[in-house]
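# Please find the sequence and the predicted model below.
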Amino acid sequence: MLSTGLVAQVMMPGGLGATGFHSPTIEDLFPPIFLFDGTPFAMNRIMLVRLILLSVFLLFAVLYVTRAKVVPGRAQGAFEFILNFCRVNIAEEIMGKTIGRKYAPLITTIFFTVLFMNIGGIIPGLNMAGTASPGLPLVLAVLAWVAFIYAGLKEQGAGAFLKSQLFPPGVPWPLYLLLTPIEAISTFVIRPFTLFVRLLANMISGHFMLALTLSATNYFVFYAVASLKPMAVLTLFAALAFTLFEILVACLQAYIFAILTSVYINLSVHAH
């Protein structure tokens, strides 16, 4: 069991033994392992953040299921609003009611996963989004890619699905020698790759900006000479502004990821 002091050090942006001004670097995204080293369950700070955020989400979900009322309170109303938003405004609006209802659970799962993992970047003590390192965004992108292929194969069949994705209609046959490889790369490689990069890049940049402003504030307050200490007001204001902006980005990225997944599934189930 980790001591309180060790947990506090592990959860700090600079990791173990951080003092003074800590300029954020790429190493922040690959923190050292502090538990179960050398085993398949090796854990670093980002893994711990993900487990905490997952536990919080599961707690909210269990409370919603077990304490749901006919007349919802504020918390239940907010939870149901997001559920309906994912089902109606994302899945059904893009894919239609019939197909949308089939894939609404997947879209809702993706939305909540991205949202809760993103929010970790602005929670004091965590200071890191669960999506700010490559692993989770890659898993989510692969999940969307598998859903895209599965939906196309199930709804159209293999032949019709591949034809609709690789052979655009109305094109002279000789041009397919050029267009089909381009369509294959665009559809089966670039789409999941852009999902992965878009989410990862946004959360990494947010982490760096928050870490920079917060670390600068800490430096000016505790370590800078007296003449520079007023600069802490400026950096603190910047940190608060970036925090509000990151809340917006966290929600927006969850929405974009869910929207694009729905669009890709819709493209896979309908022949062009």
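Everything's here; your move.
# where along the stretch 1-150 of the chain do the helices fall?
4-11, 45-67, 74-84, 93-95, 97-119, 135-156 (DSSP state H, counting those that start in this stretch).
# Including distance to Tyr223, could these go into a markdown table?
All C-beta spots, glycine's among them, are computed from the backbone N, C-alpha and C. Compiled in a markdown table, the helices of the stretch 1-150 of the chain are given as follows (distance: least, CB to CB, whole Å):
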| stretch | distance to Tyr223 |
| --- | --- |
| helix 4-11 | 18 |
| helix 45-67 | 23 |
| helix 74-84 | 41 |
| helix 93-95 | 51 |
| helix 97-119 | 30 |
| helix 135-156 | 34 |
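# mind checking which of these is nearest Ser23?
Taking CB to CB as the criterion, helix 45-67 is the member of the helices of the stretch 1-150 of the chain that comes nearest to Ser23, at 17.4 Å.
# How is Gly169 assigned, secondary-structure-wise?
Careful, residue 169 is Pro; it's not Gly. For Pro169, the secondary structure call by DSSP: H, G, I helix; E, B strand; the rest coil comes out as coil.
# coming back round to it: now render the helices of the stretch 1-150 of the chain as a markdown table, adding mean neighbour count.
Written out in a markdown table, the entries for the helices of the stretch 1-150 of the chain read as follows (neighbours: other CB atoms under 10 Å):
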| stretch | mean neighbour count |
| --- | --- |
| helix 4-11 | 14 |
| helix 45-67 | 15 |
| helix 74-84 | 13 |
| helix 93-95 | 19 |
| helix 97-119 | 20 |
| helix 135-156 | 18 |
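# Which of those helices sits closest to Ile26?
Ranking the helices of the stretch 1-150 of the chain by proximity to Ile26 (CB to CB) places helix 45-67 first, at 13.0 Å.
# follow-up on the earlier one: generate a markdown table for the helices of the stretch 1-150 of the chain, with mean pLDDT as supplementary columns.
Written out in a markdown table, the entries for the helices of the stretch 1-150 of the chain read as follows (pLDDT from 0 to 100):
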| stretch | mean pLDDT |
| --- | --- |
| helix 4-11 | 40 |
| helix 45-67 | 89 |
| helix 74-84 | 87 |
| helix 93-95 | 95 |
| helix 97-119 | 94 |
| helix 135-156 | 94 |
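# who touches the residue nearest to Thr187 when sequence neighbours are not counted in this structure?
On the basis of CB to CB, 6 or more residues apart in numbering, the spatially nearest residue to Thr187 that is not a chain neighbour turns out to be Gln165, at 5.1 Å. The neighbourhood of Gln165, defined by CB atoms under 8 Å, 6 or more residues apart in numbering, consists of Gly152, Glu183, Ala184, Thr187, Phe188, Leu267, Ser268.
# which of the residues you listed tops the neighbour count?
Comparing the contacts of Gln165 on neighbour count, Gly152 comes out first with 24 neighbours (neighbours: other CB atoms under 10 Å).
# quick one on the thing from earlier: confidence score at the residue nearest to Thr187?
At Gln165, the pLDDT value in this model is 89.
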